[in-house]
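[1] only geometry, no sequence info:
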DNA sequence: CGAAACACGGTAAACGTTTACAGACACTTT
DNA sequence: AAAGTGTCTGTAAACGTTTACCGTGTTTCG
């Protein structure tokens, strides 16, 4: 692993100046003979351009960061899957940050933009605090937020519409004749938890259904906890005939518990999840789920960021991705396979 | 977004030289008064060190690359989940490459090590070609391969043991009294496909079961294809009583088709998957699956690489991670939840 | 044939750090 | 009082590129 060749090495070998080498390497107009000599020397030496030196001079790293709360969460992975190819096609490398849903870590990432190791950032924060807003206002590179950000924040913003998403699910359940529709939610101090809770209430109201505290159960966004929450719910409101779950993991937990309790799905209790992860198609009965368009949001975010990196300095843009209800066996009683799973 | 402050800006403001600024910033011994002035200036200006310039000088980027075949594949994600925190804790950023299982892309990644934008690389190639070996021998930074690499290749190597994995599964099925055990495999020209095929044959032999061509079906590593393969298999060998599937997706496809064909799982046909992905725990009946230790391999790889980055230059090491059979409902008929799923 | 135009290519500065070296100053020590 | 010791800080070079600028040699044209 001897010290790799640099343009100086090449220049010596080819008998030209480093400027000429650089010009050849960058395809700037140069005499044929010089091009030949430089290329030959570069080939023989196995030269590869030093990206760091290049970045220092050009002030471009050709790297973009994506900061997600949790590498394990399928919703973020869906984003990642879309972001990656878009950036790659545009010649950018992807630096991945996992913030473990810790606000301080997110702030750190924003702060580290000052180190200039990336040209831009896509971030999907759990919730947006004042600290976030301050850092965003002072960000040293273009940032795109996947999530919802207050009006006037100077960054591009790609939103889900969980309100409409919940609406779709509740309407669907109502249309199937269900009247005791429960909500199994995550913590209300997170953005998803809060907005889904509010949307549920609103949806009931629009349908003329009464809001019943007994029908709302709060747990965490995980399977085991979701199951526990549903168990409590069944105790308290045995007449429940539909469950709106705030994500797919909770819904899987619900299926576990319903099965154990001898309730048939969907005949006795219909279940809808949220996020439409791979798990929804894998479970049995397969899980109806509201897709909040994680994939589309990832793609949109990447494209917005690329625009910025190409010098677009128009006013901050907001894109809202519409939700989509994917109906599977857990509400419609269809047999698996009907919806043409993608795997 | 005016040009950020540099140590020169700070030096002027604090009335000292850039050398002093650098020293203070790096905690080298300096007079208290100077420290104070520099710190004050840095704070006021909101200075953040430029990582690129720093890397150029120090020849360290504090970045590590992880190259996986496919961002969508749960096995790689399991690795990623372990790699990320290990690197983060050691102060490294993670650059993610998705090679789309294209050999040329993998070679590209190896080649790009010459650009020195990372200090090291963890790569999990689908199969290792001569081109790989050449590049590995000439790699400009430490590389750890997750997968199997020929004896004598000068890189650290973390292996799965799919031979033993298949063995575990077949033994398990045999112990349950199954005698017509089929293999639903992926393409035999991939490393996983080839080794699983061979291991299956070997396992049968050891158990004194006859090898029967009708019981081996080749498809692809995906759900729909797995289902199709199993459908054909049922036609050809209706007396099959167990399926060893080369990965979890195939196994899910198998469950679909068995259910549609009215065969009970596990009573009529037992099913084992491979990789023990999240999907295995989510499906119903939950899927027995052989874990090849993706998570452990990821962790081990990250730790090996960190050792190298800390200057360890001992001979290349090989770590083999033992497989583990996770028994769930699809073979044992236990109810879900028994194995204490991790979600 | 001399001057202007032009095509190439070399010199050097710059990007923002780190760090070897040496200078400046304040004390000790003899 | 001169020399020695030690602490702190400034100057400058280096990391590997890109690029502005200028000099040289050739071509073109009056």
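    Noted; the coordinates are in hand. Every value quoted in this text rests on a predicted model; they were computed, and no experiment measured them.
[2] quick one: buried residues of stretch A:198-209?
    Within stretch A:198-209, the residues that qualify as buried are A:199-200, A:203-204, A:209, counting by 16 or more other CB atoms under 10 Å in any protein chain shown. Where you see a C-beta, it was placed from the backbone N, CA and C, and this is true even at glycine.
[3] Can you name the two of those that sit furthest apart?
    Farthest pair in the buried residues of stretch A:198-209 (CB to CB) is A:199 and A:209. Separation: 13.8 Å.
[4] still on that earlier bit, check the buried residues of stretch A:198-209 against residue A:176 and report the nearest one.
    Using CB to CB, these come closest to residue A:176 at residue A:209, 13.5 Å.
[5] Roughly how far does the closest one sit from chain B?
    Residue A:209 is 30 Å from chain B, where distance means CB to the nearest CB, to the nearest Å.
[6] that's a helix at that residue, yeah?
    No - counting by DSSP: H, G, I helix; E, B strand; the rest coil, one finds residue A:209 to be coil, located in no helix.
[7] Using TSV, lay out the buried residues of stretch A:198-209 together with secondary structure and distance to residue B:177.
    Listed next are the buried residues of stretch A:198-209 as TSV, based on DSSP: H, G, I helix; E, B strand; the rest coil; distance: CB to CB, whole Å:
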residue	secondary structure	distance to residue B:177
A:199	helix	52
A:200	helix	50
A:203	helix	52
A:204	helix	53
A:209	coil	53
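[8] I'd like the residues you listed as CSV, with distance to DNA strand D appended.
    Listed next are the buried residues of stretch A:198-209 as CSV, based on distance: CB to the nearest atom of the strand, whole Å:
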residue, distance to DNA strand D
A:199, 51
A:200, 55
A:203, 56
A:204, 61
A:209, 64
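[9] Name the nearest of the residues you listed relative to residue B:30.
    residue A:199 (57.1 Å).
[10] The closest one touches residue A:166, doesn't it?
    Yes - using CB atoms under 8 Å, residue A:199 makes contact with residue A:166 at a distance of 3.7 Å.
[11] Skipping adjacent residues, who's closest to residue A:212 in space?
    Ranked by CB to CB, 6 or more residues apart in numbering or on different chains and with sequence neighbours excluded, the top spatial neighbour of residue A:212 is residue A:237, at 7.5 Å.
[12] So that neighbour versus DNA strand D, what's the distance?
    67 Å (CB to the nearest atom of the strand, to the nearest Å).
[13] Can you name the residues of chain A that neighbour DNA strand C?
    Proximity of chain A to DNA strand C, by CB under 7 Å from any atom of the strand, involves residues A:15-20, A:29-31, A:33-34, A:53, A:56-57, A:59.
[14] can you give me the helices for chain A?
    A:7-14, A:18-25, A:32-45, A:51-58, A:74-89, A:103-112, A:130-137, A:162-175, A:191-207, A:223-236, A:248-260, A:278-282, A:294-309, A:329-332 (DSSP state H).
[15] Any buried residues in the third one, and which?
    The neighbour-count criterion (16+ other CB under 10 Å) identifies A:34-35, A:37-39, A:41-42 as the buried residues of helix A:32-45.
[16] Residue B:113: which of the residues you listed is nearest?
    The closest of those, once distances to residue B:113 are taken by CB to CB, is residue A:42, at 17.0 Å.
[17] Got a ChimeraX select line for the buried ones in the residues of chain A next to DNA strand C?
    Typed into ChimeraX, the line below selects the buried ones among the residues of chain A next to DNA strand C, using 16+ other CB under 10 Å:
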select /A:16,20,30,34,53,56
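[18] Residue A:271 and residue A:286 touch, don't they?
    No - here residue A:271 does not reach residue A:286: they are 10.6 Å apart, not a contact under CB under 8 Å.
[19] Can you check which residues contact both of the two?
    Residues touching both residue A:271 and residue A:286 (CB atoms under 8 Å, 6 or more residues apart in numbering or on different chains) are residue A:330.
[20] For the residue of the stretch 101-250 of chain A found nearest DNA strand C, what are phi and psi?
    Across the stretch 101-250 of chain A, the shortest distance to DNA strand C (CB to the nearest atom of the strand) belongs to residue A:116, at 7.7 Å. Backbone torsions of residue A:116, given as degrees, to the nearest 10, read phi 60, psi 30.
[21] Let me see the contact set for it.
    A:59, A:61, A:140-141, B:4, B:50-52.
[22] gap between it and residue B:6?
    Counting by CB to CB, to the nearest Å, the gap from residue A:116 to residue B:6 is 11 Å.
[23] what do you get for residue A:56?
    Taking CB to CB as the measure, residue A:56 falls 12 Å from residue B:6.
[24] Over to residue A:18?
    Taking CB to CB, one finds residue A:18 at 25 Å from residue B:6.
[25] ok, back up a step: list only buried entries from the contacts of residue A:116.
    A:61, A:140-141, B:4, B:50-52.
[26] May I see the buried residues of stretch A:309-318?
    The neighbour-count check on stretch A:309-318 (16+ other CB under 10 Å) flags A:309, A:316, A:318 as buried.
[27] Those residues into TSV, with extra columns for distance to residue B:192 and pLDDT?
    Formatted as TSV, the buried residues of stretch A:309-318 follow (distance: CB to CB, whole Å; pLDDT from 0 to 100):
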residue	distance to residue B:192	pLDDT
A:309	38	97
A:316	46	95
A:318	44	97
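[28] Could you save those as CSV and add columns showing distance to chain B?
    Output for the buried residues of stretch A:309-318, formatted as CSV (distance: CB to the nearest CB, whole Å):
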residue, distance to chain B
A:309, 13
A:316, 14
A:318, 21
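[29] Between those residues, which sits nearest residue B:89?
    Nearest member of those to residue B:89, counting by CB to CB, is residue A:309, at 30.4 Å.
[30] which ones are touching the closest one?
    By CB under 8 Å, 6+ apart, residue A:309 lies in contact with A:64, A:90, A:92, A:119-120, A:142.
[31] Same check on residue A:291?
    Each residue near residue A:291 by CB under 8 Å, 6+ apart is listed here: A:165, A:275-276, A:323-326.
[32] just the buried members of those residues?
    Buried among the contacts of residue A:291 (16+ other CB under 10 Å): A:165, A:275-276, A:323, A:325-326.
[33] Now do the closest residue to residue A:318 other than its chain neighbours against residue A:146, distance only.
    Closest residue to residue A:318 apart from its sequence neighbours, by CB to CB, 6+ apart: residue A:157 at 4.7 Å. As for residue A:157, its distance to residue A:146 is 8 Å (criterion: CB to CB).
[34] Check residue A:307 too.
    Separation of residue A:307 from residue A:146 (CB to CB) stands at 15 Å.
[35] So these two - more neighbours on which side?
    Under the criterion of other CB atoms under 10 Å in any protein chain shown, the comparison of residue A:307 against residue A:146 puts residue A:146 first, with 30 against 16.
[36] Stretch A:87-96: end-to-end distance?
    13 Å (CA to CA, to the nearest Å).
[37] Equivalent analysis for stretch A:305-322, please.
    End to end - CA to CA - stretch A:305-322 spans 20 Å.
[38] gap between that stretch and the chain center?
    17 Å (CA atoms, centre = their mean, to the nearest Å).
[39] Ok, stretch A:91-108 next?
    12 Å.
[40] who's in contact with residue A:121?
    For residue A:121, the contact set (CB under 8 Å, 6+ apart) comprises A:64-67, A:109-110, A:113, A:139, A:141-144, A:305.
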